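J.: okay, here's the prediction I keep looking at, along with the sequence it came from:
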Amino acid sequence: MSASTPEHTSSDSTHSGETPRLRYNASLASDIEQRWQDQWESDGTYEAPNPAGPLADLAKVAGRPKLFVLDMFPYPSGAGLHVGHPLGYIATDVYARYKRMTGYNVLHALGYDSFGLPAEQHAIATGVHPRVNTEANVANMRRQLRRLGLGHDARRSVSTTDESFYRWTQWIFLKVFNSWYDEDLKRARPIDELEQGYADGSIATPDGRSWADLNKAERRSAIDARRLAYLSEAPVNWCPGLGTILANEEVTADGRSDIGNYPVFKKSMRQWTMRITTYADRLLDDLERLDWPEPIKLMQRNWIGRSEGARVHFASPVGDLTVFTTRPDTLFGATFMVISPEHPLVDALTTDENRQAIQDYRVAASAKNQFDRTDDTKEKTGVFTGTYATNPVNGAPVPVWVADYVLMGYGTGAIMAVPCGDQRDFDFARRFNLPIPAIQQPPAEWFTSRELEVQRGSTVDTSTWPEAFVGDGVYINSSNSDLTLDGLASVDEGKSVMNTWLEANGRGNANINFKLRDWLFSRQRYWGEPFPIVYDEDDQPVSLPDSMLPVLLPELEDFKPQALDPNDDVTDPIPPLARSTEWREVVLDLGDGPKKYRREINVMPQWAGSCWYELRYLDPTNTDYFVDPEVEKYWMGPADGGDGTTGHTGGVDLYVGGVEHAVLHLLYARFWHKILFDLGHVSSSEPFYRLFNQGYVQAFAFRDPRGQPVPASDVEERDGAYWYEGEKVSREYGKMGKSLKNIVTPDEMYDEYGADTFRLYEMSSGPLEASRPWNTRDVIGMQRFLQRVWRNLVDEDSGRSLVIDTPATEELRKLMHRMIDGIRADMDALRFNTAIAKLIQLNNALTQEAAAVGGSPREVVVPMVQMLSPLCPHIAEELWSRLGHDQTVTFVPFPIADQSLLVEETIEYPVQINGKVRTRLTVPHDADQATIQALALADEKVIAALDGEVPKKIIVIPGRMVNLVV
RNA sequence: GCCCCGGUAGCCCAACGGCAGAGGCAGCGGUCUCAAACUCCGUACGGUGUGGGUUCAAAUCCCACCCGGGGCACCA
């Protein structure tokens, strides 16, 4: 390969004598960049070879370690990119390029997450079909990103809306549907093995009868009850404003939709659900084996929300009422119970005289949206059912109340209330005058800090307490004839004693509960993957065979979701696919002759495609399988060669993206990947081994005195204030957005500076993980740097090379090796900001030497261009070519520092007296401590400063400094 | 309310517990120029949000608080 390097360019410099013909400016940069982009494309420079299949190139795979670098793929929004978007893409590109230069076979590609709500909403607004709109957006993003010079393997760029892609999304859905979770083996297994287990008696049927005694419908329901994807009639998050239901993860804390901010209501509907809760333990435990930022792990742990406790059965006139508690040890203090308004036993427990009040309360509770319902600042409400249950440890009657602070979706939807030890129960008991017996002795300080007399033993009287006592305290009033906790001081011991008693007496058992709920997997929209499911004459779901995939999204005249008032929580949703009777009603032969079926008319949620897209990058053209196992093992297999269940999990080597997907995409993708792992389709047990969260590029926005945003680019700063058209405006810091009039696009940067300058600025403005403000004013600094590099190598007027073959001075050579050493370490650790600082430092030193000796020594220029190339590949390729190379710099080995040049012969030691620097000593680098100490004590300034005093202590840190303590 | 992350020069940011400054922007002085732009050279008493503590030594470790950003929030 070789891109021709024309000596003409810079159209703006041809007629004015002022700017040199080959000044490195936006125009020359643009010329260089687009020329090399074309060259890379035609050479397939960044195409990564596979070990097998259509993209195989065994000669290129051999002897190179592999590296799979991944970005969170973008949603192709119609607004295009702003300068904040590419931060992570540039970083992964720099890293991928660096790793190629250290010998790796690097896979780096970018696809598009192109199903989803925004395209559909755009379609509603414009009447343009979402596919047309989506494809136009993808094309525009491709153009913007190509101009950045990202070294992606274009062959692997898939879109989730491609039929050849979503065919496999549907295929994976069927794998999930046709699997069950074996709680003993702790893994998913094919559904056939469940049926076999039922048939041969090794697995008990739900009601314990033998398989032979079950009729067809009962058998079917026994199997369907265990599927990992199942239909359930349950309260779901219904968002009329969007015309669809949403996953818990898509609903904000104040009960509104993540997208669009519409109200969300609880509504009972029959929906597809994924049994992610069966994986709760593994999703939690395997976090330990991942190289992820600790805060993200924490967010996932919190979301999964594991609590250890016990289930306790309280006898009641209508049967056992079971509660979940994390504090079984406090059972002696349980004086009432509260059940959720949705609890199935509410009607049975309600006595006639309380029926009207309970009914009114339930109606009121169901009318509240989630926000009102879970607002913990409000006073507690509740109604007595009229019924008493029995406390299993002391036989005491406990009134059963209904209150909306108890949620049906968590635990058993019923709690035992221990008002002395739980603030909510305490509040509730005070409000309704229920007794509050003490079962733990608070310590003396607890009373004194609340300005109470210290109460002990029989004087403990909760009626004077301002609040519940929550903490460790010796148990009191906690015994019956064969169980006593009294005198114990350890909560752990109390729990364990109580759990043993409960189990021995059949009144409960130790139990673990999770906050995580199963994942609602259907959406009432058009622009998503259709389910590969039909319903038979019994209205039961049947999976389609692989040969009928993909189930294509039908072309509809009217693809709009149903338009509803955002507050209409009564009307049922009607998915757009319901409108095509022709598509919905089909006659199929599923092995037992042609029959009539009805297709599933919901579609999958946005997250489906992103649950597995990284696997398709590996083998994008495979028509027989979603990914060739050999190819998957090569790119994603466990690094320790193990089976993935222990040790290294395998997965993507580096995954870079924003923190906003901490509990959505990252949890769902892990879940799907684990199912595929259990079923033997992938060798890695986690999709993303190492995760890195990049920060956000934010921006300032300015508002005039009326609060209207004004164009940020036209605001001037004077005397610490901001002005727009003579008017003082206020400044705020936050996101870039059209409505805030503060968007800066990559295209503007390409036009004004070129892609290399833009890349360099993005990487230099701060550490990758930090958010920082965009400051167009600062970009010029990186342009000047590249100009200086260019000018050190190329004569701006003639294009003549300024590189000389005379050796560099010792000083410059040593500096260069120090920089090589540091830049390698920075690159490995993704610290591109400090790597750039070192390159500038090196070039600044080169500039001085070049001026002194009349040229730039080749021994410095060559490594510098190599080190520059991951960060700004176009100018580096151009300079590399001008240095006389006819091959791309992409695979040239990254420079290695000569360790012998890193050691300075002498070291300057600061000498401190009591921590203050008094003088400096120049000492040979190999001087021992005694020598350094002697030199320090002999120094005139030290002698003067000590003024005859003898130091009490002398600290000599080799290579660092000396401190004398007097 | 609880939990994370961060506060260093006018701005963006560097500093294995060891001389607070690598780099960039802006500013200032000089160099070039008839002048300017460009270039090149030079230029930092800010003591690291506040208050304590540990240490010979703290931006760095510990405690409390303040400010900014984010997550969770009646989860029994």
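T.: Here it is on my side, so go on.
J.: quick one: name the residues of the stretch 601-750 of chain A near RNA strand B.
T.: The stretch 601-750 of chain A comes close to RNA strand B at residues A:659, A:660, A:662, A:663, as judged by CB under 7 Å from any atom of the strand. Every residue, glycine included, has its C-beta placed from N, CA and C.
J.: can you tell me which of those is closest to residue A:734?
T.: residue A:660 (14.7 Å; CB to CB).
J.: now for the closest one, how many residues are close by?
T.: 12 (other CB atoms under 10 Å).
J.: residue contacts, it?
T.: If a contact means CB atoms under 8 Å, 6 or more residues apart in numbering, then residue A:660 has no contacts.
J.: show the buried residues in the residues of the stretch 601-750 of chain A next to RNA strand B.
T.: The neighbour count (16 or more other CB atoms under 10 Å) marks A:659, A:662, A:663 as buried among those.
J.: and which of these is nearest residue A:353?
T.: Taking CB to CB as the measure, residue A:353 lies nearest residue A:663 of these, at 45.8 Å.
J.: check contacts around the closest one.
T.: Contacts of residue A:663 by CB under 8 Å, 6+ apart are A:249, A:299, A:300, A:303.
J.: now do residue A:57
T.: Residue A:57 neighbours (CB under 8 Å, 6+ apart): A:49, A:50.
J.: and the gap between it and RNA strand B?
T.: 39 Å (CB to the nearest atom of the strand, to the nearest Å).
J.: so how far is stretch A:674-692 off the chain centroid?
T.: How far stretch A:674-692 lies from its chain's middle: 16 Å, per CA atoms, centre = their mean, to the nearest Å.
J.: quick revisit: of the contacts of residue A:663, which belong to strands?
T.: Applying DSSP state E to the contacts of residue A:663, no entry is found in strands.
J.: and these, which is closest to RNA strand B?
T.: residue A:299 (4.5 Å; CB to the nearest atom of the strand).
J.: give me the nearest residue to that closest one, chain neighbours excluded.
T.: Here the nearest residue to residue A:299 in space, its sequence neighbours aside, is residue A:662; by CB to CB, 6 or more residues apart in numbering that works out to 4.4 Å.
J.: same thing with residue A:259?
T.: Excluding the flanking residues, the one nearest residue A:259 by CB to CB, 6+ apart is residue A:117, at 5.5 Å.
J.: hang on, the one you found packs against residue A:524?
T.: No - between residue A:117 and residue A:524 there is no contact under CB atoms under 8 Å: 11.4 Å.
J.: and for residue A:180, the neighbour number?
T.: Applying other CB under 10 Å, we find 24 residues neighbouring residue A:180.
J.: confirm it sits in a helix?
T.: No - with DSSP: H, G, I helix; E, B strand; the rest coil as the criterion, residue A:180 is assigned strand and is not in a helix.
J.: quick one on the thing from earlier: switch the buried ones among the residues of the stretch 601-750 of chain A next to RNA strand B over to TSV; also include secondary structure and pLDDT.
T.: Converted to TSV, those look like this (DSSP: H, G, I helix; E, B strand; the rest coil; pLDDT from 0 to 100):
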residue	secondary structure	pLDDT
A:659	helix	87
A:662	coil	84
A:663	coil	86
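J.: from the chain's centroid, how far away is stretch A:165-183?
T.: 23 Å.
J.: list the buried residues of that stretch.
T.: Buried-residue list, stretch A:165-183, by 16+ other CB under 10 Å: A:165-170, A:172-182.
J.: and those residues, which of them are in strands?
T.: Members of the buried residues of stretch A:165-183 lying in strands (criterion: DSSP E): A:179, A:180, A:181, A:182.
J.: okay, now the closest residue to the second one other than its chain neighbours: neighbour count?
T.: What it means is residue A:180. Among residues not flanking residue A:180 along the chain, residue A:226 sits closest, at 3.9 Å (CB to CB, 6+ apart). Using other CB under 10 Å, residue A:226 is surrounded by 21 other residues.
J.: same check, this time on residue A:879
T.: 27.
J.: tell me how far it lies from RNA strand B.
T.: 16 Å.
J.: got it, and residue A:49?
T.: Applying CB to the nearest atom of the strand to residue A:49 and RNA strand B gives a distance of 36 Å.
J.: isn't that residue right up against residue A:106?
T.: No - Residue A:49 lies out of contact with residue A:106 (CB under 8 Å); the separation is 10.6 Å.
J.: more crowded one of these two?
T.: For residue A:49 versus residue A:106, neighbours defined as other CB under 10 Å are more numerous around residue A:106 (26 against 17).
J.: hmm, stretch A:414-424 in reach of RNA strand B?
T.: Yes - against RNA strand B, stretch A:414-424 shows contacts by CB under 7 Å from any atom of the strand at A:415, A:416, A:422, A:424.
J.: in strands, which of those appear?
T.: A:415, A:416.
J.: tell me which two of the residues of stretch A:414-424 next to RNA strand B sit farthest apart.
T.: Farthest pair in these (CB to CB) is A:416 and A:424. Separation: 12.4 Å.
J.: neighbour count winner among those two?
T.: residue A:416 (26 against 17).
J.: helix/strand/coil for the closest residue to RNA strand B within the stretch 801-950 of chain A?
T.: The nearest approach of the stretch 801-950 of chain A to RNA strand B comes at residue A:837, 3.1 Å away (CB to the nearest atom of the strand). Following three-state DSSP, we place residue A:837 in the helix state.
J.: what sits against the nearest residue to it once chain neighbours are set aside?
T.: Of all residues not flanking residue A:837 in the chain, residue A:764 sits nearest, at 7.4 Å (CB to CB, 6+ apart). Taking CB under 8 Å, 6+ apart, we find residue A:764 in contact with A:782, A:832, A:833, A:836, A:837.
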